[in-house]
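A.B. asks: What shape does this take:
(one chain, ligands or ions: 1)
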Amino acid sequence: MLTGRCHCGRNVFELDGELPSALTRCTCSFCASHGVLHAYFEPQQLRVVEATSDAVYRWNKKLVAHHFCSACGCNLYSDSPAFQRDGSWDGHTRRIGFNARILEGVVAADLPVQEIDGKNLW
Ligand SMILES: [Zn+2]
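C.D. replies: Numbering: from 1, shown residues only. This next block holds a predicted model:
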């Protein structure tokens with residue numbers, strides 16, 4: 001099990017399972033501006049322990065809920081359609097892109113990273 005918390009600790013999460021073999025860096029304008037490295041999980045793997053300052057930002061087609069801490073500003077996770085690498089989506093399956101930089105005991109910058117071409121896909 002993994003634990004993630006924002007800088008101020010108002011938002012705390014547990015994730016069942018292991019880190020994926022690679023993190024994902026999305027090149028879309030939102031992700032690039034935050035420098036987030038996402039670890040992907042199934043929605044049922046995410047357990048919200050505490051979320052007293054959880055705010056949501058949506059843009060463009062509004063399909064992705066980008067959760068962030070309204071107190072300390074950390075990105076938390078993105079609740080997103082499970083887009084394929086070509087940008088297609090089956091219309092219902094969702095995915096959690098958890099901000100690997102707030103996982104405890106994980107140095108996200110040291111892990112393998114794959115890139116997804118969000119800049120051109122959405
Ligand atoms: Zn916070």
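
A.B. asks: how close does residue 103 sit to the ion?
C.D. replies: Taking CB to the ion, to the nearest Å as the measure, residue 103 falls 15 Å from the ion. All C-beta spots, glycine's among them, are computed from the backbone N, C-alpha and C.

A.B. asks: residues near that residue, how many?
C.D. replies: By the criterion of other CB atoms under 10 Å, residue 103 has 19 neighbours.

A.B. asks: What of the one 4 residues further on?
C.D. replies: Counted by other CB under 10 Å, the residues lying close to residue 107 total 9.

A.B. asks: For it, give its distance to residue 52.
C.D. replies: According to CB to CB, to the nearest Å, residue 107 stands 27 Å off from residue 52.

A.B. asks: show me the contacts for residue 63.
C.D. replies: Going by CB atoms under 8 Å, 6 or more residues apart in numbering, residue 63 touches 80, 81.

A.B. asks: Low-confidence ranges, the protein, go.
C.D. replies: 122 (pLDDT under 70).

A.B. asks: tell me what the lengthiest helix in it is packed against?
C.D. replies: When the chain is parsed with DSSP state H, its longest helix is helix 29-34. Here helix 29-34 touches helix 118-121, going by 3 or more CB pairs under 8 Å, 6 or more residues apart in numbering; DSSP states H and E.
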